[in-house]
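A.B. asks: Fold the following for me, if possible:
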Amino acid sequence: MTEPASLPRGFRTSALAASIKPSGRTDLTVVVSDTPCAWAFAGTLSTAAAACVTRNRDLYASGAPVRAIVVNAGNANAATGEGGARDNEAMAAGLADLLGVDAGSVLTASTGVIGHRLPMDRVREGLARLPGGLGTDLDVHARAIMTTDLVPKTSERTLPGGQRVVGVAKGSGMIHPNMATMFAFVYSDARVDERTLRGAFQGIVDRTFNAVTVDGDTSTNDMALVLAGGQAGDADPAAFLTAVEEVMRDLARQIARDGEGATKLLTVRVTGAATEREALTAARTCAGSPLLKSAVHGNDPNWGRVIMGVGRAGVKLDLARLTVRVQDRLVFAGEPQPYDAAEVSRAMRAEEVVFAVDLGVGGARGEAWGCDLSAEYVRINAEYTT
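C.D. replies: All right, here's what the predicted structure looks like:
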C-alpha cells in the first residue's frame, strides 16, 4: 500500500468542510509551522486584487516571519470593500489566537466566486475545529483548496542532504500569466537564506507559473508562496532553488493539463530567441491563442497559427531562419516543408501536444504551457455561479 504524501518536517495541516462551498466539500484548511519560516511571495498584478493578496504583500514588504497560512475555497472575498478586508484580517487573527502567535505571522488566501463577503460565522466555527485535527497528510491540504479543479495537484523533490521541498497548487480556470495564475504553496524543511530565496523567486515564477495560460484571464486572488522552516538543517542554496523550480514547474504543467474542459496539455517550446524574456513572451502568446488551442483540440496541424502567434508577440525573429515542428515533425523552415498532414494529425491525438519554434536570432529559450479549447470550457463557465 502506498503511503500518502506528507508535508516536510515541522509542518502540519488540517482541513474541513465549513459550508463555504455549496457542494459541501472541504473548503477551509490551515498549514502550521513549528518554527518561524523564511518565505517568498508573488501575488497577482491585477489592480482589483483581493484583500488576501494586498495583506500578504504588505506583510512581505515588512519582513515579518511566517508561522501559518489559512486558506478558504468557494469564496474569493474580492471586490468586497472595507468589510471584506476586515473579514480577511479576522480570519488571520482567529487562527493566530488559536495558535498563540501574532496575527502578522499568519498569511491568508481565498479563492472562489468574486463579489461575496465571507460567511464569517462559518469561518470562525471552522477555524475553532481545525487545530484539533492537525496532521501531515498533503492530500488533505491539496483537496481543500480546489474549486473547479478535477484533481489535486502535488509535487515533491528531496535534496542531497535529505531536506524536502513539497508543493500543492490549485487552478483550472481564470488562468493567465500575471503572477501567479492560481494558488501555489511550497513548503520545505530546509534552512535557507531568505534574501537569496527572495532574490531568485520572481525569476522562478516567471519561468513556471507565469508561463501557464488556460483562458487569457488573470484572477484577483492569484498568489505563490514558498515557506522554509529549517527543521532539517542547512541546504545548498543552488540545489534548494533548483528543487523549488522543479516543483513549481511540475505544478504549472499540472495546472495547464487540468484546465477547464481540457482534454490535452499544450506545450510551446521556443529556442533561438534574442533573450529569455522574448522566448517566454513568444511561447506564452502561442500557448494562449484561442485559434491554436482550438486546432490542438481538433488535432489540426495548422502551423500557420504558430507563425501568427510569434509574429504578434512582437519579439525579434528571422522568418527566413525560423523553424516550426509539430510533435517533432518539421513543417516550416523558412518556407513550408513537405509533411504528411494526416500522420501529424494522428500524432496530435496524445495527452501532450508540443509545438517547437526556433526564432533564428539568438541562443535564448523559453517554454509555456496551456491546454486545448473545448465546448466543455464554455459549459463550465456558463454555469459557474448557477
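A.B. asks: pull the CA atoms of the lengthiest helix in the chain into CSV?
C.D. replies: Scanning the chain for the longest helix, with DSSP state H as the assignment, gives helix 237-257. What follows is helix 237-257, C-alpha atoms only, in CSV (Å, rounded to 0.1, in the frame of the first residue of the first chain):
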residue,chain,number,x,y,z
PRO,A,237,21.3,27.3,-1.9
ALA,A,238,21.7,26.2,-5.6
ALA,A,239,20.3,22.8,-5.0
PHE,A,240,17.4,24.2,-3.0
LEU,A,241,16.4,26.8,-5.7
THR,A,242,16.7,24.1,-8.4
ALA,A,243,14.3,21.9,-6.4
VAL,A,244,11.8,24.7,-5.8
GLU,A,245,11.8,25.5,-9.6
GLU,A,246,11.4,21.8,-10.5
VAL,A,247,8.4,21.5,-8.1
MET,A,248,6.8,24.7,-9.4
ARG,A,249,7.4,23.7,-13.0
ASP,A,250,5.7,20.4,-12.3
LEU,A,251,2.7,22.1,-10.6
ALA,A,252,2.5,24.6,-13.5
ARG,A,253,2.2,21.8,-16.0
GLN,A,254,-0.4,20.0,-13.9
ILE,A,255,-2.5,23.2,-13.8
ALA,A,256,-2.4,23.5,-17.6
ARG,A,257,-3.3,19.9,-18.1
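A.B. asks: C-terminal to it, which secondary structure element comes first?
C.D. replies: Going down the chain from helix 237-257, the next helix or strand is strand 265-273, by DSSP states H and E.
A.B. asks: still on that earlier bit, now do the longest helix of the chain, average pLDDT.
C.D. replies: Helix 237-257 carries an average pLDDT of 93.
A.B. asks: That one packs against which elements?
C.D. replies: Packing partners of helix 237-257 (3 or more C-beta pairs under 8 Å, 6 or more residues apart in numbering; DSSP states H and E): strand 153-158, strand 164-170, strand 183-188, helix 194-207, strand 223-228, strand 265-273, strand 364-371. Using the backbone N, CA and C atoms, a C-beta is placed for each residue, glycine as well.
A.B. asks: ok, residues contacting the one helix or strand residue 14 maps to?
C.D. replies: Using DSSP H and E, residue 14 sits within strand 11-16. Residues outside strand 11-16 that contact it (C-beta atoms under 8 Å, 6 or more residues apart in numbering) are 7, 26, 28-34, 126, 129-138, 140-141, 143-144, 187, 189, 227, 229.
A.B. asks: one more time with 7 Å, if that's ok
C.D. replies: The contact list for strand 11-16, computed with C-beta atoms under 7 Å, 6 or more residues apart in numbering, reads 7, 26, 28-33, 126, 129-131, 133-136, 140-141, 144, 187, 229.
A.B. asks: Strands - which of those residues land there?
C.D. replies: Applying DSSP state E to the contacts of strand 11-16, the entries found in strands are 28-33, 187.
A.B. asks: SS state for the closest residue to residue 79 other than its chain neighbours?
C.D. replies: Spatial nearest neighbour of residue 79, excluding adjacent residues (C-beta to C-beta, 6 or more residues apart in numbering): residue 115 at 5.0 Å. Secondary structure, DSSP: H, G, I helix; E, B strand; the rest coil: residue 115 is coil.
A.B. asks: Burial check on residue 115, number of neighbours?
C.D. replies: 13 (other C-beta atoms under 10 Å).
A.B. asks: Which element is encountered next along the chain beyond the helix or strand where residue 55 lies?
C.D. replies: When elements are assigned from DSSP H and E, residue 55 belongs to helix 51-62. As assigned by DSSP H and E, the chain's next helix or strand after helix 51-62 is strand 66-75.
A.B. asks: List the contacts of that following strand.
C.D. replies: Outside strand 66-75, the residues that touch it by C-beta under 7 Å, 6+ apart are 20-21, 27-33, 36-37, 39, 91-92, 95, 99, 101, 105-113, 116, 118, 123, 144-147, 185, 227.
A.B. asks: helix/strand/coil for the residue in the chain sticking out farthest from the centre?
C.D. replies: Largest separation from the mean C-alpha position in the chain: residue 338, at 38.7 Å (C-alpha atoms, centre = their mean). With three-state DSSP as the basis, residue 338 sits in coil.
A.B. asks: Kindly report the same for residue 111.
C.D. replies: strand.
A.B. asks: you'd agree it is up against residue 221?
C.D. replies: Yes. Here residue 111 reaches residue 221: they are 5.4 Å apart, a contact under C-beta atoms under 7 Å.
A.B. asks: Name the residues contacting each of the two.
C.D. replies: Counting by C-beta under 7 Å, 6+ apart, the residues touching both residue 111 and residue 221 are residue 76.
A.B. asks: between these two, which one's more packed in?
C.D. replies: Taking other C-beta under 10 Å, residue 111 and residue 221 do not tie; residue 111 has more neighbours (28 against 25).
A.B. asks: contacting residues for the more buried one?
C.D. replies: Residues in contact with residue 111 (C-beta under 7 Å, 6+ apart) are 73, 76, 145, 147, 170, 183, 221.
A.B. asks: circling back to that earlier point, adding neighbour count, pLDDT and distance to residue 306, write the ones in strands among the contacts of strand 11-16 out as CSV.
C.D. replies: Converted to CSV, the ones in strands among the contacts of strand 11-16 look like this (neighbours: other C-beta atoms under 10 Å; pLDDT from 0 to 100; distance: C-beta to C-beta, whole Å):
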residue, neighbour count, pLDDT, distance to residue 306
28, 27, 97, 43
29, 26, 97, 40
30, 25, 97, 44
31, 25, 98, 41
32, 22, 98, 47
33, 26, 98, 45
187, 28, 98, 38
